[in-house]
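*Asks:* Sequence and predicted structure, then a few things I'm wondering about:
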Amino acid sequence: MTYTDLKEALKIEKKVYKIDLSYQKIDPKLYEKLSKITDLQALKLSTNELTEYPKNFEALYNLVYFASYNNKLKTFPQNLKPFSNLHYLELQHTLIDSVPAQIAYLNKLQSFKFGNTDDTLKLPSTLHFLKNLKDVSIENCVMDSFPKQLFKLKSLYYLNLSNTNTYYLTRHFERLQNLEVLIIENNHLTEIPFDIYKAYKLRVISLRGNKLRKIPDSICQLENLTLLDLRGNNLTTEDLEKLKILLPGCEIRL
């Protein structure tokens with residue numbers, strides 16, 4: 001059962017596993033008591049006019065899923081160490097401008113989604129310690145530098161860096177042996193590296209809205225590729241015909 005009334009959930013307190021408080025203004029006194037629901041595994045907040053986490057938030061150490069949308073949170077929780085069970089973390093439309101080094105404590109994290117801040121975002125060097133991270137989506141914010149940390153995540157299956165002011169890609173695709181979906185849309189890429197073929201499991205590549213002038217012939221070595229989206233780039237019909245020959249079993253959008 002998913003509880004949508006915090007007052008009701010607090011009356012029960014024990015064996016309350018899921019709470020969704022989307023689109024409601026929360027009584028501050030009740031919000032302070034949220035941490036008493038220590039069995040809680042999934043918490044979703046959305047458009048609640050919140051600027052802070054509930055008091056004693058670290059008491060919710062059983063959280064597996066936490067998401068906040070359209071709340072003006074300014075930072076990550078101060079102490080991430082208790083949240084070692086967290087598998088899914090999503091923070092959208094916040095005022096956060098950096099991911100803390102402490103994120104390395106989230107060693108079971110599989111999905112991390114962040115974005116829509118329209119501000120600069122700094123990633124920590126410790127990000128590569130998240131050995132179970134498979135799904136990363138960072139959108140609509142300005143990366144302060146190329147996110148090389150992400151290209152060290154060997155378990156990565158899905159990577160989305162859309163509208164992040166990305167100008168180039170690393171050539172170290174050999175590190176991404178499990179990557180199947182790569183989405184880097186609405187950025188400033190003028191080329192993609194020859195070594196992209198080394199991420200040999202790639203099925204979907206979307207590079208819409210960049211400034212690509214050519215695609216390396218090595219892309220033909222991606223035998224699992226089923227979709228290549230290149231719309232909104234500086235490629236010609238001639239380039240499309242060449243790609244059709246190189247990738248006969250792939251849908252190409254230009």
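*Replies:* That came through fine.
*Asks:* show me where the chain has helices.
*Replies:* Secondary structure of the chain (DSSP state H): helices at 6-12, 28-32, 237-246.
*Asks:* Tell me which of those sits nearest to residue 87.
*Replies:* For residue 87, the closest of the helices of the chain is helix 6-12, at 21.3 Å, according to C-beta to C-beta. All C-beta atoms are positioned from the backbone trio N, CA, C, and that covers glycine.
*Asks:* Restricting to C-alpha, output the closest one in PDB.
*Replies:* Extracted in PDB, the C-alpha atoms of helix 6-12 (Å, rounded to 0.1, in the frame of the first residue of the first chain):
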ATOM      1  CA  LEU A   6       1.200  11.700   6.000                       C
ATOM      2  CA  LYS A   7      -1.000  12.200   9.100                       C
ATOM      3  CA  GLU A   8      -2.500   8.700   8.500                       C
ATOM      4  CA  ALA A   9       0.900   7.200   7.900                       C
ATOM      5  CA  LEU A  10       2.200   8.700  11.200                       C
ATOM      6  CA  LYS A  11      -0.700   7.100  13.100                       C
ATOM      7  CA  ILE A  12       0.300   3.700  11.900                       C
END
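*Asks:* rewinding a little: which one of the helices of the chain lies closest to residue 180?
*Replies:* The closest of the helices of the chain to residue 180 is helix 237-246. By C-beta to C-beta, the value is 19.7 Å.
*Asks:* related to what we said a few turns ago, would CSV of the helices of the chain with distance to residue 120 and mean pLDDT be doable?
*Replies:* Shown next, in CSV, are the helices of the chain (distance: least, C-beta to C-beta, whole Å; pLDDT from 0 to 100):
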stretch, distance to residue 120, mean pLDDT
helix 6-12, 34, 96
helix 28-32, 29, 96
helix 237-246, 34, 92
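*Asks:* Any chance of those helices in JSON lines with distance to residue 60 as columns?
*Replies:* Shown next, in JSON lines, are the helices of the chain (distance: least, C-beta to C-beta, whole Å):
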{"stretch": "helix 6-12", "distance to residue 60": "12"}
{"stretch": "helix 28-32", "distance to residue 60": "13"}
{"stretch": "helix 237-246", "distance to residue 60": "49"}
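*Asks:* do you know which of these lies nearest residue 132?
*Replies:* Nearest of the helices of the chain (C-beta to C-beta): helix 6-12, 29.3 Å.
*Asks:* Can you give me the buried ones in that closest one?
*Replies:* Neighbour-count burial for helix 6-12, counted by 16 or more other C-beta atoms under 10 Å, picks out 6, 9-10.
*Asks:* Show me what it is in contact with.
*Replies:* For helix 6-12, the external contacting residues (C-beta atoms under 8 Å, 6 or more residues apart in numbering) are 3, 16, 19, 21, 26-27, 30-31, 33-34, 36-37.
*Asks:* go with 6 Å
*Replies:* Helix 6-12 is touched from outside by 3, 16, 19, 30, 33, with contacts defined as C-beta atoms under 6 Å, 6 or more residues apart in numbering.
*Asks:* One more: stretch 234-243?
*Replies:* So stretch 234-243 is contacted by 211, 213, 252, 254 (C-beta under 6 Å, 6+ apart).
*Asks:* Out of those, flag the one nearest to residue 163.
*Replies:* If you rank the contacts of stretch 234-243 by distance to residue 163 using C-beta to C-beta, residue 211 comes first, at 14.0 Å.
*Asks:* ok, that closest one touching residue 191?
*Replies:* No. If you go by C-beta atoms under 6 Å, residue 211 and residue 191 don't touch, sitting 9.1 Å apart.
*Asks:* from the middle of its chain, how far away would stretch 241-248 be?
*Replies:* Using C-alpha atoms, centre = their mean, to the nearest Å, the distance from the centre of stretch 241-248 to the centre of the chain it belongs to is 31 Å.
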